[in-house]
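Participant: curious how this folds, go ahead:
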Amino acid sequence: WHNTLETKKGNSNGSCLCPPYANIYYADHEDTHLTKAKHPRIIEDFRLIDDKLTLWDNNKSISNTPEQDLKQFNNDMIIDSIRWTHTNLTRTVDFLDITLTIDEHNRIQFKLFEKARNEHLYIPKLSAHPPSTLKG
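Facilitator: Residues are numbered from 1 along each chain as shown. The predicted structure follows:
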């Protein structure tokens, strides 16, 4: 018994072309809708495919509240059927493999982040482990 998925529109799921397509598709949207000119609270913005980190200035003096601006920013992030989940404004965030924290002196501190589900079941073959640990 085999289940088969047929892609009728777009790229085949799991194709190596999916990440570059996603980057190009969303980068165009960012360049037109998520600019610092349109969202003056943005300090810096980083994205790797579907992981996005936006540094935001809550103290900037503009007409809207930070909450109103964040709501507008989240609405502007929507494109077609793509929806993003986000965390609320905070001084600590997990992004990719690091935890970033803005300390009381407004310096960014970071440390390694590991997902709770990471069971460390596999050692990458190109790791710096002795060859004896890679056999099995």
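Participant: in the protein, which helix is the longest?
Facilitator: In the chain, taking DSSP state H as the definition, the longest helix is helix 18-33.
Participant: tell me if Thr54 really is in a strand.
Facilitator: Yes: counting by DSSP: H, G, I helix; E, B strand; the rest coil, Thr54 falls inside a strand.
Participant: so it bridges to which residues?
Facilitator: In this entry, Thr54 is beta-bridged to Asp45, by DSSP bridges.
Participant: on that earlier part again, need the contact partners of the longest helix of the chain.
Facilitator: With contacts defined as C-beta atoms under 8 Å, 6 or more residues apart in numbering, helix 18-33 is touched by 11, 45, 47, 49-50, 76-77, 79, 82. (Each C-beta comes from the backbone N, C-alpha and C, glycine too.)
Participant: switch the cut-off to 10 Å
Facilitator: If you take C-beta atoms under 10 Å, 6 or more residues apart in numbering as the criterion, helix 18-33 is touched by 10-12, 15, 34, 38-39, 45, 47-50, 52, 73, 75-80, 82, 84.
Participant: then stretch 35-51?
Facilitator: With contact meaning C-beta under 10 Å, 6+ apart, stretch 35-51 is reached by 18-20, 22-23, 26-27, 30, 32-34, 52-62, 64, 66, 69-70, 72-73, 76, 82, 84, 95-96.
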